[in-house]
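>>> fold the following, please.
(chains A and B)
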Amino acid sequence: MMQALTSEAAPIFAALGDETRLHLVARLCGGGPLSIVQLADGAAVSRQAVTKHLHALEQAGLAHSNRIGRERIWELKTDRLAEAQRYLDRISQDWDAALARLKAFVEKPEQ
Amino acid sequence: MATSTDRIDKKILLHAPRERVWRALSDSKQFGTWFGARFDQPFIAGTAITGKFVPTAVDAEVAKSQQKFEGTPFSISIDRIEPISLFSFRWHPYAVDPGVDYSKEPTTLVVFELEEVSGGTMLKVTESGFDNVPLERRAKAFASHSGGWSDQLNMIGKYLALAA
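Below is the predicted model:
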């Protein structure tokens, strides 16, 4: 389990272990989704280098892009399926709590 | 249809006669007492009624955590009432944000099934149809709660934006 987690997490930390890429994550977080032109604007490196770093983030599953018109727009990838599962887990917990209250309610003498 | 993200299945043994459990489910006043809601009308199959969240009268600690939702109205459509074995309704799951209009969104179906067993009543509860709820809604429902990788990533980003 731990090993599986570590092997999953390693590429993520590797991808974040670079100043330019961390800067891109910060930009996408604060103002995403953004085009490469927008992301390269103000970056210390060339547009080509930004593109390369974005692909590194994409490979680690941290970012993804969509083509809109002639532009490629980048955004941080939130794991929606995992979040959907989290949502269900939460509602499931609420049911457990509600049914425990129902149990207490029906198992005591009726008023 | 039976994907792992579409439904919740619960089963609980209640040490009470089936008639007792049936009243606790099908009588809107009794339902509200343990669930933590107030309904102004009875449950009648085929009708839609409005309830309001109120702290449960059964558990003081839970009542405290429910206080933030107090007074938030929600709508439920009664589906089937089949004494004393099945009660079902449709509602909008986790519709606790007063700032959101849930009325146009897909509902989930909640089904209670009662079975007499030795020692009491076996109650089966299923809630299904979550796959119809927009992923966006599901992902955002608990955004204020911590956890999840994307939250962490956002925090890193915010921290870096501050430091820049």
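>>> show me what contacts residue 35?
Unless you meant another one, I'm taking chain A. By Cβ atoms under 8 Å, 6 or more residues apart in numbering or on different chains, the residues touching A:Ser35 are A:Glu71, A:Arg72, A:Ile73, A:Trp74. For every residue, glycine as well, the C-beta is placed using N, CA and C.
>>> hm, I was asking about chain B
Counting by Cβ under 8 Å, 6+ apart, B:Phe35 touches A:Ala98, A:Arg101, A:Leu102, B:Thr56.
>>> report pLDDT for the residue in chain A that chain B sits nearest to.
Closest approach of chain A to chain B (Cβ to the nearest Cβ) occurs at A:Cys29, with a separation of 2.5 Å. With respect to pLDDT, A:Cys29 has a value of 76.
>>> work out for me the element it sits within.
helix A:19-31 (DSSP states H and E).
>>> that helix: which residues count as buried?
The neighbour-count check on helix A:19-31 (16 or more other Cβ atoms under 10 Å in any protein chain shown) flags A:Arg21, A:Leu22, A:His23, A:Leu24, A:Val25, A:Ala26, A:Arg27, A:Leu28, A:Cys29 as buried.
>>> pretty sure the third one contacts A:Ala43?
Yes. Look at A:His23 against A:Ala43 with Cβ atoms under 8 Å: they come within range, at 6.9 Å.
>>> so where do the strands sit in chain A?
Taking DSSP state E, the strands of chain A run over residues A:34-35, A:63-68, A:71-76.
>>> in a markdown table: these, plus mean pLDDT.
Output for these, formatted as a markdown table (pLDDT from 0 to 100):
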| stretch | mean pLDDT |
| --- | --- |
| strand A:34-35 | 90 |
| strand A:63-68 | 88 |
| strand A:71-76 | 88 |
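>>> could you list every residue that touches the spatially closest residue to B:Thr56 that is not a sequence neighbour?
In this structure, B:Thr56 finds its nearest non-sequential neighbour in B:Gly36, 3.7 Å apart by Cβ to Cβ, 6 or more residues apart in numbering or on different chains. Contact analysis of B:Gly36 by Cβ under 8 Å, 6+ apart lists A:Ala98, A:Arg101, B:Phe53, B:Val54, B:Pro55, B:Thr56, B:Val62, B:Ala63, B:Gln66.
>>> restricted to strands, list those residues.
Short answer: these in strands (DSSP E) are B:Phe53.
>>> same list, the contacts of B:Gly36, but as TSV with distance to B:Leu25 please.
Listed next are the contacts of B:Gly36 as TSV, based on distance: Cβ to Cβ, whole Å:
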residue	distance to B:Leu25
A:Ala98	11
A:Arg101	13
B:Phe53	18
B:Val54	18
B:Pro55	20
B:Thr56	15
B:Val62	19
B:Ala63	20
B:Gln66	19
